[in-house]
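**Q** with the sequence up front, the predicted model follows.
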Amino acid sequence: MSSKREIWPGKPWPRGATFDGSGTNFAVYSQVATRVEVCLFDRADPTKEIERFDLPMSTEFVWHGYVPDLEPGTLYGLRVHGPYEPEKGHRCNPHKLLVDPYAKALHGEVDWKQPVFGYPLDHPKKDLMRDERDSAAGMPKGVVVSDFFDWGNDRRLDIPWRKTVIYEAHVRGLTMRHPGVPEHQRGTYAGLGSPVIIEHLQKLGVTAVELLPVHEFADDSFLNDKGLSNFWGYSTLNYFAPEQRYASRKTPGGAVAEFKSMVKALHAAGIEVILDVVYNHTCEGNHLGPTLSFKGIDNASYYWTMPEARHYLDFTGCGNSLNASNPQTARFIVDSLRYWVEEMHVDGFRFDLATVLGRSGKGGYDPNAPIFQIINQDPVLGRVKLIAEPWDVGLGGYQVGGFPSPWHEWNGKYRDALRKYWKGDENQAAEVGYRLTGSADLFAAARRRPQASINFVTAHDGFTLHDLVTYSSKHNEANGEHNRDGADDNQAWNCGVEGETDDTDIISLRERQKRNLLASLFLSTGVPMIVAGDEMGRTQQGNNNAYCQDNELSWVDWNLDKTRLDLLEFTRKLIQFRHGQPVLQRRRFFQGEHLWESEHKDLAWFRPDGSEMGPEDWQKPFVRSLAFLLGGDAIPTPDERGQRVSGDSLLVLLNAHHDTVTFTVPPPGEGGAWRLELYTADDKRGDEEMKPGKFEMAGRSLAVFRKPGSNNTP
């Protein structure tokens with residue numbers, strides 16, 4: 001159906017559908033297209049196409065046109081004409097309605113019962129033949145939106161990395177069961193920005209929420225067939241539109257304003273917003289996947305393909321990989337990131353499978369890859385928090401310590417070391433020593449700082465903290481894959497019984513192990529990250545891959561008994577303690593020396609007998625008990641005014657042995673005494689002055705002693 005509208009030439013920039021107050025400009029990049037159509041749909045019945053027109057101009061492969069009087073709320077999709085030659089990497093099919101990659105909002109979901117695949121599923125040649133059935137009825141539609149929003153005095157918080165504490169959370173999972181969130185707001189952006197959730201975050205002391213994917217994603221058809229859904233959202237369909245299912249406002253485009261309101265509320269509370277983003281693959285899968293957006297617009301530009309072009313290079317295990325080495329794909333990624341910073345006011349990003357971004361040339365990893373240089377030099381993106389998940393599934397994909405400054409990295413070696421140490425594995429002393437003190441072995445050689453390490457014991461992917469000490473094996477039967485999915489190597493220990501138990505001794509040990517792991521995390525040099533609910537003993541009943549569980553298995557339970565309340569209070573005290581200790585916020589690696597004529601070395605390690613550890617001590621396989629002292633008067637970096645920073649000195653005793661170990665406490669130095677700050681074997685003890693001498697450490701416990709200093713906190 002042709003349009004009777006007057007279509008002006010418009011402009012090739014900005015890309016997407018842009019309302020300027022008088023009309024809407026459309027701009028779509030495709031190097032392979034011979035024609036691009038825009039289709040408009042009925043708001044009352046989004047399956048009904050009401051108008052269609054060509055974009056009249058093409059400038060440097062950007063097809064564009066301007067439609068006067070076309071207003072926000074308009075639903076639209078694209079049809080791209082061009083070659084359907086899968087063996088050459090081209091998959092244009094104008095019979096398939098496509099989502100505009102630059103759409104600012106979407107309305108509707110993918111209906112897998114409709115012909116959304118570019119080829120006939122029952123044809124013997126599969127994807128080599130083009131399917132000519134119209135997919136429009138089964139496709140979400142783009143929404144023309146207005147960028148206007150009253151941000152008031154909202155501003156970027158710019159919380160320094162040394163003061164950052166990250167809280168990884170799922171918009172829906174965090175809020176679905178909270179009784180203080182209005183029922184219609186549970187599971188939504190409005191719910192996350194509600195007063196009760198913000199109060200919890202403030203009392204806890206976290207400075208940033210890191211949200212699991214909120215870009216529009218598609219549920220997988222195989223999950224739908226099993227009555228499950230893609231809860232985590234690592235199956236992106238669009239990189240500009242906020243996920244509509246997390247909006248309490250169900251009108252087209254309503255998610256945009258609601259997301260902005262959430263950010264504004266969190267900022268007002270002093271909390272930054274970091275997005276977990278998936279610029280490594282899309283929901284379109286491999287060569288047999290659906291044609292929803294990129295695949296039908298310019299497949300060969302957006303995706304890595306094999307030399308024979310029909311098949312994809314897959315560095316992700318998800319069927320395809322976005323090719324960030326292509327200039328147009330890199331530009332798209334940067335445009336998306338900049339939009340979320342400038343228009344949505346987010347404060348940073350955690351990049352899922354970030355090694356994919358660094359793939360260049362023939363697919364090898366390059367720390368100087370173009371996309372890294374572009375982002376680092378960008379005046380907007382160069383200032384925000386950038387966090388890499390530094391691995392993918394391709395050859396040479398594990399790159400912890402291999403990203404360029406100013407990137408920060410999830411430190412998987414930290415996670416593994418802390419788990420192994422506290423369950424009592426041998427040969428862990430040297431490894432845990434590096435991890436507790438900032439992982440200098442990974443970052444110092446490249447002149448990066450300790451805050452390059454994002455330290456974590458648990459993440460969304462894997463066991464919760466409670467399950468880590470309750471199960472030794474995964475229990476993923478609910479996922480419908482016969483327990484074959486999820487990691488088998490979890491470095492978990494059930495403390496003697498698999499699953500929940502009434503045995504009070506085992507329960508006590510499990511609670512102590514939780515405190516040990518949390519205390520280690522917040523006493524470590526680097527940036528700590530915890531997962532929503534771990535502070536309250538959340539369980540997934542042993543499921544270590546709950547990506548498809550949009551139910552109470554994944555939702556945070558806010559109904560707390562005394563044991564869970566005690567853990568919450570312990571976690572709050574830990575985070576507040578960290579905020580008050582300059583020695584835990586170091587910006588440079590330790591030297592093991594006296595600085596500023598300090599009383600103590602900046603870092604010293606001790607055996608239980610009180611003697612400093614020598615090189616031979618680190619090599620002994622049975623070393624499970626050790627101590628370290630952080631000199632509060634030996635902090636090398638000055639404050640913002642160039643003044644010396646000093647604070648309390650801390651002595652940390654670690655006993656991962658199963659039995660009691662007697663520690664000889666090193667002398668505190670002149671003019672002061674050690675005070676017991678916390679003891680995980682008895683979380684009620686604290687703020688006790690300790691006499692010089694010996695301290696009996698219960699099996700599997702941690703203690704912190706503090707010698708008060710000047711507390712000139714930076």
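**A** Thanks, I have it. Numbering: from 1, shown residues only.

**Q** please make it C-alpha for all contacts and neighbour counts, starting now.
**A** Will do.

**Q** what sits up against the helix or strand of the chain with the lowest mean pLDDT?
**A** Within the chain, no helix or strand scores below strand 688-689, which has a mean of 88 by mean pLDDT, DSSP states H and E. Residues outside strand 688-689 that contact it (Cα atoms under 8 Å, 6 or more residues apart in numbering) are 673-677.

**Q** at 10 Å instead, please
**A** Strand 688-689 has contacts (Cα atoms under 10 Å, 6 or more residues apart in numbering) with 673-678, 705-707.

**Q** now for the residues you listed: which two are most distant?
**A** 673 and 678 (15.4 Å; Cα to Cα).

**Q** tell me how far the longest helix seen in the chain lies from the chain's centre.
**A** Using DSSP state H to define each element, the chain has its longest helix at helix 504-523. Relative to the chain's own centre, helix 504-523 is displaced by 25 Å; criterion: Cα atoms, centre = their mean, to the nearest Å.

**Q** and residue 175, how far from residue 555?
**A** 8 Å (Cα to Cα, to the nearest Å).

**Q** in terms of helices and strands, where is the most centrally placed residue in the chain?
**A** Residue closest to the average C-alpha location in the chain (Cα atoms, centre = their mean): residue 276, at 3.8 Å. Residue 276 is located in strand 272-277, with elements delineated by DSSP states H and E.

**Q** which elements pack onto that strand?
**A** Packed against strand 272-277 by the contact rule (3 or more Cα pairs under 10 Å, 6 or more residues apart in numbering; DSSP states H and E) you find strand 166-169, strand 208-211, helix 254-268, helix 327-342, strand 348-351, strand 385-388.

**Q** that strand versus helix 327-342: what angle between them?
**A** 150 degrees (axes from the mean of the first three to the mean of the last three Cα atoms, to 10 degrees).

**Q** okay, angle between strand 272-277 and helix 254-268 too, please.
**A** Using the same axes, to 10 degrees: strand 272-277 against helix 254-268 is 140 degrees.

**Q** residues contacting the nearest residue to residue 342 once chain neighbours are set aside?
**A** Distances taken as Cα to Cα, 6 or more residues apart in numbering put residue 380 closest to residue 342, at 7.9 Å, once the chain neighbours are dropped. Going by Cα under 10 Å, 6+ apart, residue 380 touches 337-339, 341-342.

**Q** now do residue 258
**A** 188-190, 193, 242, 244, 246-249, 264.

**Q** got it, and residue 509?
**A** With contacts defined as Cα under 10 Å, 6+ apart, the neighbours of residue 509 are 469, 494-496, 515, 681, 699-701.

**Q** which of those residues lies closest to residue 634?
**A** residue 701 (27.1 Å).

**Q** ok, the closest one touching residue 653?
**A** Yes. Assessed by Cα atoms under 10 Å, residue 701 is found in contact with residue 653 at 8.3 Å.

**Q** which of the two has more residues huddled nearby?
**A** It is residue 701, of residue 701 and residue 653, that has more neighbours when counted by other Cα atoms under 10 Å, with 27 against 24.

**Q** so what's that one up against?
**A** Residue 701 neighbours (Cα under 10 Å, 6+ apart): 422, 509, 512-513, 515-517, 625, 653-661, 679-682.

**Q** hmm, which of those are the buried ones?
**A** 422, 509, 512-513, 515-517, 625, 653-657, 661, 679-681 (16 or more other Cα atoms under 10 Å).

**Q** what average pLDDT does stretch 462-473 get?
**A** Taken as a whole, stretch 462-473 has an average pLDDT of 98.

**Q** then stretch 195-212?
**A** Average pLDDT, stretch 195-212: 98.

**Q** my guess is residue 649 meets residue 707, correct?
**A** Yes. Residue 649 is within contact range of residue 707, at 5.1 Å (criterion: Cα under 10 Å).

**Q** so which of the contacts of residue 380 comes closest to residue 143?
**A** Distance to residue 143, by Cα to Cα, is smallest for residue 339 among those, at 16.2 Å.

**Q** okay, that closest one and residue 73: tell me how far apart.
**A** Distance, residue 339 to residue 73, by Cα to Cα: 19 Å.

**Q** turn the contacts of strand 688-689 into CSV, including secondary structure.
**A** As requested, the contacts of strand 688-689 are arranged in CSV below (DSSP: H, G, I helix; E, B strand; the rest coil):
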residue, secondary structure
673, coil
674, coil
675, strand
676, strand
677, strand
678, strand
705, strand
706, strand
707, strand
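
**Q** residue 518 versus the residue nearest to residue 164 when sequence neighbours are not counted, what's the distance?
**A** Distances taken as Cα to Cα, 6+ apart put residue 207 closest to residue 164, at 5.6 Å, once the chain neighbours are dropped. Look at residue 207 and residue 518: by Cα to Cα, they are 17 Å apart.

**Q** quick check: residue 476 touching residue 485?
**A** Yes. Between residue 476 and residue 485 there is a contact at 7.1 Å, judged by Cα under 10 Å.

**Q** list residues touching both of those two?
**A** In contact with both residue 476 and residue 485: 543-546, using Cα under 10 Å, 6+ apart.

**Q** for residue 228, state which of these is nearest.
**A** For the shared contacts of residue 476 and residue 485, the closest approach to residue 228 (Cα to Cα) belongs to residue 546, at 10.6 Å.

**Q** what number of residues lie near the closest residue to the closest one other than its chain neighbours?
**A** Nearest residue to residue 546 in three dimensions, chain neighbours excluded: residue 554, at 6.7 Å (Cα to Cα, 6+ apart). Each residue near residue 554 was counted by other Cα under 10 Å, and the total is 25.
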